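**Q** Prediction below, plus the sequence it came from.
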Amino acid sequence: MTEPDSLWCKVVKARCETRGGSSWWNDITSACVLEGWNWFENGAQKLVREGNDTAFWTESWLGNESLQSRFPRLYNLSKQKRYSVKNMGMWSNGVWHWDFKWRRSLRGREEAWLEELMGMLMFENANEEGDSDSDPAFASIWTVCAPSNVRAFVWRLLLDRLPTRDNLRRRHLLGEDDDARCPLCQQADETSEHLFSLCPVTTRLWSACYAWRGMQSVLSASVREHFLQFPMIGRSKKQQAGEWALWMSLVWTVWMLRNKVVFQGANVELENTSKLIQVKSWQWVKAKVDGFSYSWFEWRSNPSACMDLL
């Protein structure tokens, strides 16, 4: 069902479909295909284990489609089209390193696709290692009034699984001579801690966010600690979820800004970025919290007062 063009499948079909066909075979094929839709093929996912028998590009082992289908340009540029998952990298000091080989250097949008692919691979690796749902930071992520893709992004951020330049270099996807500096400030290597906590551009956005909330705070260098400290003391769980939506809107907007700078050569505009953070957080809370009826004007004027009444 999953390898219709393979030799073994052709042999089985030839033996079972001759002279009216085997009733056993007919039962299998009819059960797998209902009203023209192959639920087995579309719903099954291969168990990779060590990756010896799983083709990296052409089999659906990472999600519901093959990486060849999801990233056709990268597949065409790859020199490893027939490699198994296991042969696409190596272990070094207990850490798995992906080792991609291309027919030429990647450029422009191709680099963005590679970063998306690396994000998927990091997410899968974190799933295999097990997350930290017992940790209050990770347990809180799923309660936040934010879109599911943003919460998954923050989950990866707290695990340090985002494809920052520092992470890409440590996984040998950037060379030692490649630029690993923060795209927003060009003053330090782009680690998660730097990009979301220490970068001068980001710290100005955090300062504007705290001023908008009518607060002052010392920014923690630890992304996890800052996430936990962000809600005001004494907030209910519902109010905390609303405030964490604001936190997530800022880090998500910073990541989107970073990608625009890297891949589109965009300029950093702090005022517009701050307004976008406010708009996103209002949209998310309004969409996710029952009974939230505050207008954009009320939210922009006093978000803390809106939170008080959640």
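**A** Cool, got the structure.
**Q** isn't residue 276 right up against residue 254?
**A** No. Using Cβ atoms under 8 Å, residue 276 is not in contact with residue 254; the gap is 10.4 Å. Using the backbone N, CA and C atoms, a C-beta is placed for each residue, glycine as well.
**Q** Between those two, point out the one with more neighbours.
**A** residue 254 (20 against 17; other Cβ atoms under 10 Å).
**Q** element containing the nearest residue to the more buried one once chain neighbours are set aside?
**A** Once flanking residues are discounted, residue 254 sits nearest to residue 202: 5.6 Å by Cβ to Cβ, 6 or more residues apart in numbering. According to DSSP states H and E, residue 202 maps onto helix 200-213.
**Q** Can you name the element that comes right after that helix?
**A** Per DSSP H and E, the first helix or strand lying C-terminal to helix 200-213 is helix 223-229.
**Q** average pLDDT across that next one?
**A** The pLDDT scores in helix 223-229 average 92.
**Q** I'd like to know which elements that helix is packed against.
**A** helix 136-141, helix 148-158, helix 237-264 (3 or more Cβ pairs under 8 Å, 6 or more residues apart in numbering; DSSP states H and E).
**Q** Name the residues of the longest one that are buried.
**A** Neighbour counts using 16 or more other Cβ atoms under 10 Å place 239-255, 257-258, 261-262 of helix 237-264 among the buried residues.
**Q** now swap in the shortest one and tell me
**A** By neighbour count on 16+ other Cβ under 10 Å, the buried set for helix 136-141 is 137-138, 140-141.
**Q** And stretch 88-99, by the same measure?
**A** For stretch 88-99, using 16+ other Cβ under 10 Å, the buried residues are 88-89, 98.
**Q** Same question for stretch 302-310.
**A** For stretch 302-310, by 16+ other Cβ under 10 Å, it's 303, 306-307, 310.
**Q** do stretch 106-120 as well
**A** Across stretch 106-120, burial judged by 16+ other Cβ under 10 Å covers 106, 110, 113-115, 117-120.
**Q** For that stretch, list the C-alpha coordinates in PDB.
**A** In PDB, the C-alpha atoms belonging to stretch 106-120 read as follows (Å, rounded to 0.1, in the frame of the first residue of the first chain):
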ATOM      1  CA  LEU A 106      22.000  27.500  -1.200                       C
ATOM      2  CA  ARG A 107      20.800  31.100  -1.700                       C
ATOM      3  CA  GLY A 108      17.800  33.300  -0.900                       C
ATOM      4  CA  ARG A 109      14.600  31.400  -0.400                       C
ATOM      5  CA  GLU A 110      16.400  28.100  -0.400                       C
ATOM      6  CA  GLU A 111      18.100  29.000   2.900                       C
ATOM      7  CA  ALA A 112      14.700  29.800   4.400                       C
ATOM      8  CA  TRP A 113      13.500  26.300   3.300                       C
ATOM      9  CA  LEU A 114      16.500  24.700   4.900                       C
ATOM     10  CA  GLU A 115      15.800  26.600   8.200                       C
ATOM     11  CA  GLU A 116      12.200  25.300   8.100                       C
ATOM     12  CA  LEU A 117      13.400  21.800   7.400                       C
ATOM     13  CA  MET A 118      15.900  22.000  10.300                       C
ATOM     14  CA  GLY A 119      13.200  23.300  12.600                       C
ATOM     15  CA  MET A 120      11.100  20.200  11.700                       C
END
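**Q** Other residues contacting it?
**A** 62-63, 67, 71, 73-74, 77, 98, 100, 156, 161-163, 167-168, 171, 173, 259, 262-263 (Cβ atoms under 8 Å, 6 or more residues apart in numbering).
**Q** now those residues: which count as buried?
**A** For these, buried by 16+ other Cβ under 10 Å: 62, 67, 71, 74, 77, 98, 100, 156, 161-163, 167-168, 171, 173, 262.
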